[in-house]
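*Asks:* make a model of this:
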Amino acid sequence: MEREPGDERGEEVPEIYALKREGNDWSLTRRDFLKAAALAGSVPILMGGCASLEDAVPPLFTGKKNVCSEGVFAHGDMVRAIAIGPDGALLASGSWDRKVKLWSLPGGALMAELAGHSDSVEALAITPDGRLLATAGGDRAIRLWSLPEGVSRKVLTGHSERVAALAISPDGKTLATGSWDHSIKLWSLPDGDLLKTLNGHDSWVNAVAIAPDGKSLASGSADKTVKIWSLPDGVLTRTLAGHEADVRSLAFGPDGGTLASGSGDKAIRLWSLPDGALVRTLTGNTDHVDSLAFGSGGKLLVSGSGDGAIRLWSLPEGALIKSLTGHSDTVDALAIRPDGRLLASGSWDKTVKLWSLPDGKRITCLMDLAVSSADIKGVRYRVADDTGRVVTYTLPCGSPIPVNAVCVCNCVPGSIGQPASAPSAPSAPSSTNSPSFRGTSCSCDQVCTCLGVCTCLSVDSGHYWHPN
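*Replies:* As a prediction, the model looks like this:
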């Protein structure tokens, strides 16, 4: 079983439960299922007890099968952009696979998949009222979608090269787009009229950010500069020079007085505004800095790098607090939930991971079974409905529930919310000892504690099943 950093437990020999194979489907034998239940039932259950159960119960399947295991993916290709809605309940992700996906938070259930882009999706932004999502990428188009339903509303065209960056003003009335055609365009929202085109960079525009007061726009380019523009008139007010390679990421501090820029030169520079003075240079990344986000009221800066690491920096001193590892490739996107307690990261390794703040502990990974590896998708029970269709499969404890599926926790005696008279081993799901959930996560703090797996079935089948 994979250990988290700081786990000081000694080596243990895991007990492997037998799997019974029928064609390409697997199931636990009745004897081993009951044995697992007995072991789990002897473990003290804590609030949010999934971690404590996983610490004590051997894996139900050989190999790594937890929700952040190898082969668990959110997208079928590199994740280039993520954004969290203003109420903290929705996360949008965009990928090189041309898809935009909407996920619920904090559970991580996949709610919708939005198709329409004909090339990579590289930038996302959500309006402050949470009702509109803007997406853009390699097809040069900017698409506007209504939220939370994900209906396509409008397509904005005008850029002659890929659109690599998006930012929405705090009042939700202006959308800024940065493109490899060297320009920044300003559009009105929600109608999508082109207001102004800003020219001044000598190369690709990789990043844009709008100040919290809405009065200035920052743009970062492959020409190694950061430019500051006044809004709404779009006048260039200052050029910040100092980076030795392309500027790839930008973020304004919550008070608007600090701007952070990340570059291919591996450095993060902090600038004071409006004077544009260089305050501090943060070093420690071993590769390009592709994403930045402020947290904790401006006292925390989070960076994502080409080396696959996420780094937490304390401000204003700029000390490195912690490096979060787990991604195997460039961390191209970061987003912090408005309450400041959850960090989402998107990577070229096709994953989206959720972390708690300020401690930086990994919570889970978002999983779309349709794009995850064959061994993850292959962990299934053979159960057919009246038409002969297989409708049931299992998920690791803590996994997001797929769209249009109902999951049933395999509860054990002593679980949270389970009656004291519960049987000594799981039985057929019922309203008392195996609650079902839809559109959320099958996790241990949702009334009951799962026995390592959750049994899921499609909502239209009407058939519940339990491996006994």
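*Asks:* any stretches of the stretch 251-400 of the chain with poor pLDDT?
*Replies:* 374-400 (pLDDT under 70).
*Asks:* again, only using 90
*Replies:* For the stretch 251-400 of the chain, the stretches flagged by pLDDT under 90 are 363-400.
*Asks:* the helices in this protein, which residues?
*Replies:* Using DSSP state H, the helices of the chain run over 30-41, 50-56, 374-377.
*Asks:* weakest of these in terms of mean pLDDT?
*Replies:* Mean pLDDT values for those show the minimum at helix 50-56, a mean of 26.
*Asks:* can you give me the pLDDT of Pro190?
*Replies:* What the model reports as pLDDT for Pro190 is 95.
*Asks:* can you offset everything so residue one is 565?
*Replies:* Got it, the first residue is 565 from now on, which makes the last one we talked about Pro754.
*Asks:* what ranges do the strands span in the stretch 765-914 of the chain?
*Replies:* Assigned strands in the stretch 765-914 of the chain, in chain order: 769-774, 780-785, 789-794, 800-805, 811-816, 822-827, 832-836, 842-846, 853-859, 864-869, 874-878, 883-888, 895-900, 906-911 (criterion: DSSP state E, counting those that start in this stretch).
*Asks:* swap that for the stretch 565-714 of the chain, sorry
*Replies:* For the stretch 565-714 of the chain, the strands defined by DSSP E, counting those that start in this stretch occupy 583-586, 589-592, 643-648, 654-659, 664-668, 674-678, 685-690, 696-701, 706-710.
*Asks:* what's the third one packed up against?
*Replies:* Using 3 or more CB pairs under 8 Å, 6 or more residues apart in numbering; DSSP states H and E as the contact test, the elements touching strand 643-648 are strand 654-659, strand 685-690, strand 696-701, strand 895-900, strand 906-911. Every residue, glycine included, has its C-beta placed from N, CA and C.
*Asks:* so which of the strands of the stretch 765-914 of the chain is nearest Lys925?
*Replies:* Proximity to Lys925 (CB to CB) singles out strand 883-888 among the strands of the stretch 765-914 of the chain, at 8.7 Å.
*Asks:* quick one: contacts of that closest one?
*Replies:* 846, 848, 864, 873-878, 909, 919, 924, 926 (CB atoms under 8 Å, 6 or more residues apart in numbering).
*Asks:* need the buried ones from the residues you listed selected in PyMOL.
*Replies:* Provided next is the PyMOL selection string for whichever of the contacts of strand 883-888 are buried by 16 or more other CB atoms under 10 Å:
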select buried, resi 846+848+864+873+874+875+876+877+909+919+924+926
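*Asks:* take the contacts of strand 883-888 and lay them out in TSV including distance to Trp793.
*Replies:* TSV is the format used below for these (distance: CB to CB, whole Å):
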residue	distance to Trp793
Leu846	25
Gly848	30
Leu864	27
Ala873	32
Ile874	29
Arg875	29
Leu876	30
Trp877	27
Ser878	30
Ser909	29
Trp919	33
Gly924	34
Arg926	38
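*Asks:* which of the contacts of strand 883-888 sits closest to Gly826?
*Replies:* Leu846 (9.2 Å).
*Asks:* so what sits opposite the spatially closest residue to that closest one that is not a sequence neighbour in the bridge?
*Replies:* Among residues not flanking Leu846 along the chain, Ile832 sits closest, at 4.0 Å (CB to CB, 6 or more residues apart in numbering). Beta-bridge pairing for Ile832 (DSSP bridges): Gly826, Leu846.
*Asks:* Ile832 and Arg812, how far apart?
*Replies:* 11 Å (CB to CB, to the nearest Å).
*Asks:* likewise Ser887?
*Replies:* Ser887 is 19 Å from Arg812, by CB to CB.
*Asks:* who has more neighbours, the two?
*Replies:* A count of neighbours by other CB atoms under 10 Å puts Arg812 above the other of Ser887 and Arg812, at 26 against 16.
*Asks:* quick one, what contacts that one?
*Replies:* Asn770, Ala771, Gly784, Gly826, Ser827, Gly828, His852, Val853, Asp854.
*Asks:* wait, doesn't the fourth one sit right on Ala857?
*Replies:* What that stands for is Gly826. No: counting by CB atoms under 8 Å, Gly826 stays clear of Ala857, with 10.6 Å between them.
*Asks:* so for these two, which sits in the more crowded spot?
*Replies:* Neighbours of Gly826 and Ala857, each counted by other CB under 10 Å, are more numerous for Gly826; the result is 29 against 21.
*Asks:* what's near enough to touch the more buried one?
*Replies:* Counting by CB under 8 Å, 6+ apart, Gly826 has contacts Val811, Arg812, Ser813, Leu814, Ile832, His852, Val853, Asp854, Ser855, Leu856, Ser867.
*Asks:* rerun at 6 Å
*Replies:* Contact analysis of Gly826 by CB atoms under 6 Å, 6 or more residues apart in numbering lists Arg812, Ser813, Ile832, Val853, Leu856.
*Asks:* now for these: which two are most distant?
*Replies:* Farthest-apart pair in those is Arg812 and Ile832; separation 10.6 Å (CB to CB).
*Asks:* give the buried residues for stretch 907-926.
*Replies:* For stretch 907-926, by 16+ other CB under 10 Å, it's 907-919, 921-922, 924, 926.
*Asks:* same deal with stretch 766-778?
*Replies:* Per 16+ other CB under 10 Å, stretch 766-778 contains these buried residues: Trp768, Val769, Asn770, Ala771, Val772, Ala773, Ile774, Ala775, Gly778.
*Asks:* and for stretch 837-848?
*Replies:* Under 16+ other CB under 10 Å, the buried positions of stretch 837-848 are Leu837, Arg844, Leu846, Gly848.
*Asks:* quick one: the second one and Gly882 touch, right?
*Replies:* Yes: judged on CB atoms under 6 Å, Arg844 makes contact with Gly882 at a distance of 4.8 Å.
*Asks:* OK, contacts around Asp735?
*Replies:* Taking CB under 6 Å, 6+ apart, we find Asp735 in contact with Gly778.
*Asks:* apply 10 Å and report the result again.
*Replies:* Going by CB atoms under 10 Å, 6 or more residues apart in numbering, Asp735 touches Thr691, Pro692, Asp693, Leu753, Gly778.
*Asks:* in ChimeraX, select just the buried ones from those residues.
*Replies:* With 16+ other CB under 10 Å as the burial test, the buried ones among the contacts of Asp735 are selected in ChimeraX as follows:
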select :691,753,778
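*Asks:* related to what we said a few turns ago, and for Ile832 and Arg812, which residues touch both?
*Replies:* Ser825, Gly826, Val853, Leu856.
*Asks:* report the beta-bridge partners for the last one.
*Replies:* Residues in a beta bridge with Leu856, per DSSP bridges, are Ser867.
*Asks:* dump the residue contacts of it.
*Replies:* When contacts are counted by CB under 10 Å, 6+ apart, Leu856 touches 771, 773, 812-816, 823-826, 832, 865-868, 877, 898.
*Asks:* over to Ser710?
*Replies:* Shown in contact with Ser710 (CB under 10 Å, 6+ apart): Arg695, Leu696, Leu697, Ser716, Arg717, Lys718, Pro754.
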